[in-house]
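Q: Here's my sequence, what's the structure:
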Amino acid sequence: MKLELSKVVRGCRLGVLTGIGQTGQHSLEVPGCLLYTRCATVPHLTQDTLHTLSSLPAVTQVTLDSLAEHCEVLEEFKEGVRKFSGLHDTALYCSLQDPATTCPTGHITNKTVSVWGSGGRIELTVAKFMAMQAAILPDFYQSMADGETWQASTSRKRVRKAVDRTLAHLDECLILHHKTQELKQAEIFGVVEGGDIREERVRSARETAKRPVAGFVLDGFQSAAMEQDLRSQLITAVTTELPQEKPRLLQGVGRPDEVIECVEAGVDLFEGFFPFQVTERGCALCFNYTIVPDPETAGTSPPTVLESNGERPAVEKLRKNGDSSPENMTQFELNLKDTRYREDFRPLVEGCGCYCYSLGH
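A: Got it, this is the predicted structure:
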């Protein structure tokens, strides 16, 4: 895996991540996103429908929490979740947790972390975690980490302990990674923790960068957990400590405006769970934007990429949503359950040529 940067403009990194996959045949433009799945299946889309879509991300994300209960089956199958689930012609990244699911906290120890499947809590040691990775056979995966420091009430002592645990887990994962034949062609990403404490974030980034990892996962920046300004400041502090030639993947951030802010802070890759959350709310994504497409020109624009044409924001609220809108609904969504749309069969956007409208939905 190699990151080739062509331009860096005001923190935004433009390039291509090449050599992804066991044979190195996949590449992914950065900034970019991963294809989101649940139990290694893209939600709401059949395989036939999925393959009618163009420009799908070259990397698919699978999550250990959704696969942990099935690892015995995968171990017996011996050919990994890609073939088992029919995920052809894609590279695989395996994360610890599903970014669209909130998990109970308080189940971390010095030696274990916990994931939650349909049958309840599954406690993982590093050895068990790595055995599961060997059964899943991802092309790259995050190391085991203590990611329970995103709550605002987390103490400095608890944050420091999380950073120490995550570094210790990484060291153990690296040892087992090199001993595991099934993972010889895979890459491991180190996880940067530290909650909302700048000093711990910087320490975590510096120490993780000393390890022989292929890239970095920035954890604990979930949209619901942190103000956007603070998030941008912390990510900028972290990315300053990371080597330029290795990719940075941000977990838990998917809103369009927040993604753009994080790109400006030096993030390369994002999880693609936001459209799933919008669909689950019964909403549709629909927004206008006026962003200068040329990075060189953008560098001479007003203070942020989210602003252009004077005072006009790049991303605007299209219509006012009703009082009965779903919880956590963002300004980029239309509530399709609103009574005003009950007998309105017009397209949401006139002239749109996307898959749904082309079939008359």
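Q: and the residue lying closest to residue 284 once chain neighbours are set aside, which of the three is it?
A: Of all residues not flanking residue 284 in the chain, residue 334 sits nearest, at 4.8 Å (Cβ to Cβ, 6 or more residues apart in numbering). For the C-beta atoms, the positions are set from N, CA and C on the backbone; glycine is no exception. Secondary structure, DSSP: H, G, I helix; E, B strand; the rest coil: residue 334 is strand.
Q: for the record, mean pLDDT for the helix or strand containing residue 234?
A: Assigned by DSSP states H and E, residue 234 falls within helix 228-241. Mean per-residue pLDDT for helix 228-241: 93.
Q: Other residues contacting it?
A: Residues from elsewhere that reach helix 228-241 (Cβ atoms under 8 Å, 6 or more residues apart in numbering): 11, 192, 194, 196, 198, 201-202, 204-206, 209, 218, 221, 226, 248, 250, 253, 257-258, 261-262, 264-267.
Q: Out of these, which end up buried?
A: With neighbours counted using 16 or more other Cβ atoms under 10 Å, the contacts of helix 228-241 contain these buried positions: 11, 192, 194, 196, 201-202, 204-205, 209, 218, 221, 226, 248, 250, 253, 257-258, 261-262, 264-267.
Q: Can you name the next helix or strand after the helix ranked longest in the chain?
A: The longest helix of the chain (DSSP state H) is helix 156-179. Following helix 156-179 in sequence order, the next helix or strand is strand 187-192 (DSSP H and E).
Q: Who are the packing partners of that following strand?
A: strand 140-142, helix 156-179, helix 198-209, strand 215-218 (3 or more Cβ pairs under 8 Å, 6 or more residues apart in numbering; DSSP states H and E).
Q: what's the closest of these to residue 114?
A: Minimum separation from residue 114 across the helices and strands packed on strand 187-192 (Cβ to Cβ) falls at helix 156-179, 13.2 Å.
Q: chain center to that closest one, what's the gap?
A: 20 Å (Cα atoms, centre = their mean, to the nearest Å).
Q: just checking, what packs against it?
A: Counting contacts by 3+ Cβ pairs under 8 Å, 6+ apart, helix 156-179 is packed against helix 126-136, strand 187-192, helix 198-209.
Q: Could you pull up the mean pLDDT of it?
A: 96.
Q: Dump that helix to CSV, restricted to CA.
A: Extracted C-alpha coordinates of helix 156-179, given in CSV (Å, rounded to 0.1, in the frame of the first residue of the first chain):
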residue,chain,number,x,y,z
ARG,A,156,-7.8,12.7,32.1
LYS,A,157,-6.6,9.5,34.0
ARG,A,158,-9.0,7.3,32.0
VAL,A,159,-7.9,8.9,28.7
ARG,A,160,-4.2,8.3,29.6
LYS,A,161,-5.0,4.7,30.4
ALA,A,162,-6.8,4.3,27.1
VAL,A,163,-3.8,5.6,25.1
ASP,A,164,-1.5,3.2,27.0
ARG,A,165,-3.7,0.2,26.5
THR,A,166,-4.1,1.0,22.8
LEU,A,167,-0.4,1.2,22.3
ALA,A,168,0.1,-2.1,24.2
HIS,A,169,-2.6,-3.8,22.1
LEU,A,170,-0.9,-2.5,18.9
ASP,A,171,2.5,-3.9,20.0
GLU,A,172,0.9,-7.3,20.6
CYS,A,173,-1.1,-7.2,17.4
LEU,A,174,2.1,-6.5,15.4
ILE,A,175,3.9,-9.5,17.0
LEU,A,176,1.0,-11.8,16.1
HIS,A,177,0.5,-10.2,12.7
HIS,A,178,4.0,-11.2,11.6
LYS,A,179,3.5,-14.7,13.0
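Q: Which positions in it come out as buried?
A: Buried residues in helix 156-179, counted by 16+ other Cβ under 10 Å: 159-167, 169-170, 172-174, 176-177.
Q: so is the closest residue to residue 24 other than its chain neighbours in a helix, a strand, or just coil?
A: Among residues not flanking residue 24 along the chain, residue 18 sits closest, at 7.5 Å (Cβ to Cβ, 6+ apart). With three-state DSSP as the basis, residue 18 sits in strand.
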